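**Student:** prediction below, plus the sequence it came from.
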Amino acid sequence: MSPIRCVRPAAIGLACALLAACHGGHAVREAPAPIADSTPASTQPAPNDTFNAVAWMQTSAEYAALTTQAYRNVCEMLPTAIADPSWTALIDGEQGGGFESLPPAIISDIDETLLDNSAYAARRIASGGPFDPVAWKAWINEADAKPMPGVQILLDCLAEHGVTLVYISNRKHDGERAATVENLRKDGFPLPADNDDLVLLRGDPRGINDDLNDKSARRRWAANRYRVVALLGDNLGDFMDGVATSISKRAALADAHADWWGARWFAFPNPSYGSWEKALAFDCGENRTPEQCRHSQLRSK
(Lines give C-alpha, C1' and ligand atoms only; values in the text may rest on other atoms or scores of the structure.)
Protein backbone atom coordinates (compact mmCIF):
# COMPACT_ATOMS: atom_id res chain seq x y z
CA MET A 1 0.00 0.00 0.00
CA SER A 2 1.14 3.62 -0.18
CA PRO A 3 2.22 4.48 3.28
CA ILE A 4 2.10 7.59 5.58
CA ARG A 5 3.64 6.60 6.14
CA CYS A 6 21.87 6.37 16.71
CA VAL A 7 19.60 9.16 17.96
CA ARG A 8 18.00 11.39 15.41
CA PRO A 9 16.08 14.64 15.89
CA ALA A 10 12.83 12.83 15.08
CA ALA A 11 13.54 10.26 17.78
CA ILE A 12 14.23 13.05 20.30
CA GLY A 13 10.93 14.70 19.40
CA LEU A 14 9.05 11.44 19.81
CA ALA A 15 10.70 10.71 23.17
CA CYS A 16 9.70 14.12 24.47
CA ALA A 17 6.12 13.56 23.33
CA LEU A 18 6.08 10.17 25.04
CA LEU A 19 7.16 11.74 28.34
CA ALA A 20 4.48 14.39 27.98
CA ALA A 21 1.88 11.69 27.33
CA CYS A 22 2.55 10.19 30.75
CA HIS A 23 1.33 13.34 32.53
CA GLY A 24 -2.29 13.03 33.49
CA GLY A 25 -2.82 10.01 31.20
CA HIS A 26 -3.35 12.19 28.13
CA ALA A 27 -1.24 12.35 24.96
CA VAL A 28 0.07 15.92 24.74
CA ARG A 29 2.27 16.98 21.83
CA GLU A 30 5.26 19.13 22.70
CA ALA A 31 4.68 22.78 21.78
CA PRO A 32 6.52 23.87 18.61
CA ALA A 33 9.69 25.87 19.10
CA PRO A 34 9.25 29.67 19.16
CA ILE A 35 9.41 31.33 15.77
CA ALA A 36 10.06 34.90 14.70
CA ASP A 37 7.10 37.27 14.95
CA SER A 38 7.35 37.93 11.23
CA THR A 39 6.55 34.29 10.42
CA PRO A 40 2.89 33.85 9.40
CA ALA A 41 0.94 31.74 11.87
CA SER A 42 -0.27 29.50 9.02
CA THR A 43 3.26 28.11 8.59
CA GLN A 44 3.47 26.76 12.13
CA PRO A 45 3.37 22.96 12.49
CA ALA A 46 -0.13 21.59 12.83
CA PRO A 47 -1.04 19.06 15.54
CA ASN A 48 -0.59 15.47 14.39
CA ASP A 49 -3.29 12.98 15.43
CA THR A 50 -1.19 9.88 14.64
CA PHE A 51 0.99 10.17 17.75
CA ASN A 52 -0.71 7.44 19.80
CA ALA A 53 -0.78 5.06 16.82
CA VAL A 54 2.91 5.49 16.02
CA ALA A 55 3.97 5.37 19.67
CA TRP A 56 2.03 2.10 20.08
CA MET A 57 3.64 0.59 16.99
CA GLN A 58 7.14 1.58 18.11
CA THR A 59 6.99 0.84 21.81
CA SER A 60 4.28 -1.65 22.73
CA ALA A 61 4.97 -5.29 23.40
CA GLU A 62 1.47 -5.97 22.08
CA TYR A 63 2.27 -4.76 18.56
CA ALA A 64 5.36 -6.96 18.31
CA ALA A 65 3.34 -9.87 19.68
CA LEU A 66 0.63 -9.39 17.04
CA THR A 67 3.03 -9.27 14.08
CA THR A 68 4.97 -12.27 15.41
CA GLN A 69 1.69 -14.13 15.88
CA ALA A 70 0.68 -13.41 12.28
CA TYR A 71 3.95 -14.73 10.84
CA ARG A 72 3.73 -17.85 13.00
CA ASN A 73 0.16 -18.47 11.84
CA VAL A 74 1.29 -18.26 8.21
CA CYS A 75 3.95 -20.87 8.87
CA GLU A 76 1.50 -23.18 10.61
CA MET A 77 -0.83 -23.26 7.59
CA LEU A 78 1.91 -23.79 4.99
CA PRO A 79 2.17 -27.62 5.14
CA THR A 80 -1.60 -27.95 4.57
CA ALA A 81 -1.59 -25.43 1.72
CA ILE A 82 1.40 -27.03 0.02
CA ALA A 83 -0.07 -30.53 0.26
CA ASP A 84 -3.39 -29.49 -1.33
CA PRO A 85 -2.87 -28.63 -5.03
CA SER A 86 -6.32 -27.02 -5.19
CA TRP A 87 -5.44 -24.53 -2.45
CA THR A 88 -5.23 -20.88 -3.56
CA ALA A 89 -5.57 -17.57 -1.73
CA LEU A 90 -6.74 -15.58 -4.75
CA ILE A 91 -10.34 -14.68 -5.54
CA ASP A 92 -12.43 -13.60 -8.52
CA GLY A 93 -10.47 -15.63 -11.04
CA GLU A 94 -7.14 -13.99 -10.23
CA GLN A 95 -5.44 -17.38 -9.92
CA GLY A 96 -6.65 -18.60 -13.32
CA GLY A 97 -6.95 -22.18 -14.49
CA GLY A 98 -4.37 -24.94 -14.42
CA PHE A 99 -2.58 -23.61 -11.35
CA GLU A 100 -2.46 -26.93 -9.51
CA SER A 101 0.97 -27.86 -10.83
CA LEU A 102 2.56 -24.44 -10.29
CA PRO A 103 5.15 -23.95 -7.50
CA PRO A 104 3.77 -22.40 -4.30
CA ALA A 105 4.26 -18.73 -3.44
CA ILE A 106 3.08 -16.15 -0.93
CA ILE A 107 2.22 -12.60 -2.00
CA SER A 108 3.02 -9.96 0.59
CA ASP A 109 2.65 -6.22 0.85
CA ILE A 110 5.85 -4.44 1.95
CA ASP A 111 5.12 -1.43 4.16
CA GLU A 112 3.95 -2.29 7.68
CA THR A 113 3.79 -5.93 6.59
CA LEU A 114 7.47 -6.73 5.99
CA LEU A 115 9.17 -3.35 6.53
CA ASP A 116 8.56 -0.96 9.45
CA ASN A 117 8.24 2.68 8.37
CA SER A 118 7.25 4.09 11.74
CA ALA A 119 10.51 6.06 11.87
CA TYR A 120 9.28 8.11 8.91
CA ALA A 121 5.96 8.69 10.70
CA ALA A 122 7.85 9.77 13.83
CA ARG A 123 9.76 12.32 11.78
CA ARG A 124 6.51 13.79 10.48
CA ILE A 125 5.15 14.01 14.03
CA ALA A 126 8.32 15.74 15.22
CA SER A 127 8.15 18.24 12.36
CA GLY A 128 4.43 18.82 12.86
CA GLY A 129 3.66 18.13 9.23
CA PRO A 130 1.28 15.71 7.48
CA PHE A 131 2.29 12.99 5.04
CA ASP A 132 4.58 14.51 2.44
CA PRO A 133 5.36 12.59 -0.80
CA VAL A 134 8.73 14.32 -1.17
CA ALA A 135 9.80 13.37 2.36
CA TRP A 136 8.38 9.87 1.84
CA LYS A 137 10.47 9.38 -1.31
CA ALA A 138 13.55 10.63 0.53
CA TRP A 139 12.82 8.10 3.30
CA ILE A 140 12.49 5.28 0.77
CA ASN A 141 15.77 6.27 -0.88
CA GLU A 142 17.55 5.93 2.46
CA ALA A 143 16.75 2.19 2.13
CA ASP A 144 16.87 1.94 5.91
CA ALA A 145 13.42 0.72 6.96
CA LYS A 146 13.80 -2.06 9.51
CA PRO A 147 12.18 -5.52 9.31
CA MET A 148 8.89 -5.95 11.13
CA PRO A 149 9.03 -7.67 14.53
CA GLY A 150 9.10 -11.45 14.12
CA VAL A 151 9.49 -11.51 10.34
CA GLN A 152 12.42 -13.92 10.51
CA ILE A 153 9.94 -16.62 11.54
CA LEU A 154 8.28 -16.22 8.14
CA LEU A 155 11.54 -16.14 6.18
CA ASP A 156 12.83 -19.29 7.87
CA CYS A 157 9.70 -21.32 7.17
CA LEU A 158 9.51 -20.14 3.55
CA ALA A 159 13.08 -21.35 3.03
CA GLU A 160 12.31 -24.65 4.79
CA HIS A 161 9.29 -25.38 2.59
CA GLY A 162 10.65 -23.94 -0.67
CA VAL A 163 7.94 -21.28 -0.97
CA THR A 164 8.63 -18.14 -3.03
CA LEU A 165 7.91 -14.67 -1.63
CA VAL A 166 6.40 -12.18 -4.12
CA TYR A 167 6.39 -8.51 -3.10
CA ILE A 168 3.47 -6.36 -4.29
CA SER A 169 3.46 -2.81 -2.94
CA ASN A 170 1.98 0.55 -3.85
CA ARG A 171 5.33 2.21 -3.60
CA LYS A 172 6.02 3.74 -7.02
CA HIS A 173 7.78 1.74 -9.72
CA ASP A 174 9.41 4.90 -11.10
CA GLY A 175 11.90 6.45 -8.73
CA GLU A 176 11.34 4.16 -5.73
CA ARG A 177 11.97 0.63 -6.96
CA ALA A 178 15.77 0.47 -6.81
CA ALA A 179 15.90 1.69 -3.21
CA THR A 180 13.07 -0.67 -2.24
CA VAL A 181 14.97 -3.66 -3.64
CA GLU A 182 18.13 -2.48 -1.87
CA ASN A 183 16.27 -2.17 1.44
CA LEU A 184 14.73 -5.65 1.15
CA ARG A 185 18.07 -7.27 0.33
CA LYS A 186 19.84 -5.37 3.11
CA ASP A 187 17.33 -6.72 5.62
CA GLY A 188 17.75 -10.31 4.45
CA PHE A 189 14.55 -10.80 2.46
CA PRO A 190 14.87 -13.45 -0.27
CA LEU A 191 15.71 -11.76 -3.58
CA PRO A 192 18.37 -13.23 -5.88
CA ALA A 193 21.30 -10.88 -6.43
CA ASP A 194 20.77 -11.04 -10.19
CA ASN A 195 16.95 -11.00 -10.24
CA ASP A 196 14.41 -8.60 -8.73
CA ASP A 197 11.44 -9.63 -10.88
CA LEU A 198 9.44 -10.55 -7.79
CA VAL A 199 9.10 -6.90 -6.71
CA LEU A 200 6.00 -5.36 -8.34
CA LEU A 201 5.27 -1.74 -7.44
CA ARG A 202 2.57 0.72 -8.48
CA GLY A 203 3.02 1.60 -12.15
CA ASP A 204 4.94 -1.59 -12.94
CA PRO A 205 4.48 -2.21 -16.69
CA ARG A 206 3.70 -5.86 -15.93
CA GLY A 207 0.49 -4.69 -14.21
CA ILE A 208 -0.86 -2.89 -17.25
CA ASN A 209 -4.46 -3.21 -16.08
CA ASP A 210 -3.88 -1.85 -12.59
CA ASP A 211 -6.25 0.97 -11.68
CA LEU A 212 -4.32 3.44 -9.53
CA ASN A 213 -3.75 1.65 -6.22
CA ASP A 214 -5.47 -1.64 -7.08
CA LYS A 215 -3.22 -4.69 -7.14
CA SER A 216 -5.22 -7.36 -8.99
CA ALA A 217 -3.26 -7.12 -12.26
CA ARG A 218 0.00 -7.61 -10.42
CA ARG A 219 -1.47 -10.51 -8.44
CA ARG A 220 -2.50 -12.11 -11.75
CA TRP A 221 1.07 -11.70 -13.03
CA ALA A 222 2.26 -13.71 -10.04
CA ALA A 223 -0.59 -16.21 -10.42
CA ASN A 224 0.52 -17.05 -13.95
CA ARG A 225 3.80 -18.30 -12.48
CA TYR A 226 2.91 -19.55 -9.00
CA ARG A 227 0.12 -21.13 -7.00
CA VAL A 228 -0.52 -18.36 -4.47
CA VAL A 229 -1.18 -20.03 -1.12
CA ALA A 230 -1.41 -16.94 1.13
CA LEU A 231 -1.76 -13.16 1.04
CA LEU A 232 -0.19 -10.87 3.66
CA GLY A 233 -0.98 -7.19 4.14
CA ASP A 234 -2.05 -4.34 6.40
CA ASN A 235 -4.71 -2.97 4.06
CA LEU A 236 -7.92 -4.49 2.72
CA GLY A 237 -6.63 -3.68 -0.78
CA ASP A 238 -3.80 -6.18 -0.27
CA PHE A 239 -6.40 -8.93 -0.54
CA MET A 240 -8.98 -7.61 -3.02
CA ASP A 241 -9.71 -4.60 -5.22
CA GLY A 242 -12.59 -2.15 -4.92
CA VAL A 243 -11.92 -1.17 -1.30
CA ALA A 244 -12.14 2.62 -1.85
CA THR A 245 -15.72 2.77 -0.66
CA SER A 246 -17.83 3.32 2.44
CA ILE A 247 -17.24 1.80 5.86
CA SER A 248 -20.26 -0.51 5.56
CA LYS A 249 -19.29 -1.75 2.10
CA ARG A 250 -15.71 -2.38 3.19
CA ALA A 251 -17.02 -4.40 6.12
CA ALA A 252 -19.21 -6.42 3.74
CA LEU A 253 -16.22 -7.12 1.49
CA ALA A 254 -14.22 -8.41 4.45
CA ASP A 255 -17.15 -10.44 5.82
CA ALA A 256 -17.75 -12.11 2.45
CA HIS A 257 -14.46 -13.97 2.92
CA ALA A 258 -14.57 -14.40 6.69
CA ASP A 259 -13.37 -18.01 6.48
CA TRP A 260 -10.12 -16.95 4.81
CA TRP A 261 -8.88 -14.56 7.50
CA GLY A 262 -6.19 -16.33 9.47
CA ALA A 263 -6.29 -19.27 7.05
CA ARG A 264 -5.31 -17.89 3.63
CA TRP A 265 -5.29 -14.17 4.35
CA PHE A 266 -3.21 -12.66 7.14
CA ALA A 267 -3.84 -9.05 8.17
CA PHE A 268 -1.33 -6.93 10.09
CA PRO A 269 -2.39 -4.13 12.44
CA ASN A 270 -1.80 -0.57 11.21
CA PRO A 271 -3.66 2.19 13.06
CA SER A 272 -1.36 4.85 11.60
CA TYR A 273 -2.61 5.07 8.00
CA GLY A 274 -4.47 3.17 5.31
CA SER A 275 -7.43 3.18 2.96
CA TRP A 276 -9.72 2.97 6.02
CA GLU A 277 -9.02 6.68 6.59
CA LYS A 278 -10.75 7.74 3.37
CA ALA A 279 -13.72 5.56 4.23
CA LEU A 280 -14.38 7.80 7.24
CA ALA A 281 -15.31 10.62 4.87
CA PHE A 282 -16.76 8.58 2.00
CA ASP A 283 -20.41 9.40 2.72
CA CYS A 284 -19.79 12.72 4.45
CA GLY A 285 -21.79 15.75 3.41
CA GLU A 286 -20.17 18.60 1.51
CA ASN A 287 -20.75 21.05 4.35
CA ARG A 288 -18.66 19.13 6.86
CA THR A 289 -14.95 19.56 7.48
CA PRO A 290 -12.65 16.49 7.34
CA GLU A 291 -12.45 16.54 11.13
CA GLN A 292 -16.25 16.62 11.44
CA CYS A 293 -16.47 13.69 9.02
CA ARG A 294 -14.09 11.62 11.13
CA HIS A 295 -15.83 12.44 14.40
CA SER A 296 -19.25 11.66 12.95
CA GLN A 297 -18.21 7.99 12.58
CA LEU A 298 -17.42 7.50 16.29
CA ARG A 299 -19.87 5.45 18.36
CA SER A 300 -20.68 6.40 21.94
CA LYS A 301 -22.71 3.28 22.66
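**Tutor:** Structure's in. What do you need? Numbers count the residues shown, from 1 in each chain.
**Student:** need the strands for the chain, in chain order.
**Tutor:** 104-108, 115-116, 146-147, 164-172, 199-202, 227-233, 265-267 (DSSP state E).
**Student:** mind putting the ones you listed into JSON lines with distance to Ser216, mean neighbour count and mean pLDDT?
**Tutor:** Glycine gets a C-beta too; all of them are placed from N, C-alpha and C. Listed next are the strands of the chain as JSON lines, based on distance: least, Cβ to Cβ, whole Å; neighbours: other Cβ atoms under 10 Å; pLDDT from 0 to 100:
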{"stretch": "strand 104-108", "distance to Ser216": "11", "mean neighbour count": "23", "mean pLDDT": "98"}
{"stretch": "strand 115-116", "distance to Ser216": "23", "mean neighbour count": "22", "mean pLDDT": "98"}
{"stretch": "strand 146-147", "distance to Ser216": "27", "mean neighbour count": "16", "mean pLDDT": "98"}
{"stretch": "strand 164-172", "distance to Ser216": "10", "mean neighbour count": "23", "mean pLDDT": "96"}
{"stretch": "strand 199-202", "distance to Ser216": "12", "mean neighbour count": "22", "mean pLDDT": "94"}
{"stretch": "strand 227-233", "distance to Ser216": "12", "mean neighbour count": "25", "mean pLDDT": "97"}
{"stretch": "strand 265-267", "distance to Ser216": "15", "mean neighbour count": "21", "mean pLDDT": "98"}
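**Student:** just checking, what packs against the longest helix seen in the chain?
**Tutor:** Using DSSP state H to assign secondary structure, the helix with the most residues in the chain is helix 61-83. For helix 61-83, the packing partners by 3 or more Cβ pairs under 8 Å, 6 or more residues apart in numbering; DSSP states H and E come out as helix 51-59, strand 104-108, helix 151-161, strand 227-233, strand 265-267.
**Student:** and the fourth one, which strands flank it?
**Tutor:** Pointing back at strand 227-233 there. Sheet pairing of strand 227-233 (DSSP bridges) gives strand 104-108 (parallel), strand 265-267 (parallel).
**Student:** to Ile153, which of the ones you listed lies closest?
**Tutor:** Ile153 lies closest to strand 265-267 among the strands paired with strand 227-233, at 12.2 Å (Cβ to Cβ).
**Student:** how far is that closest one from where the chain is centred?
**Tutor:** Its chain's C-alpha centre and that of strand 265-267 lie 12 Å apart, by Cα atoms, centre = their mean, to the nearest Å.
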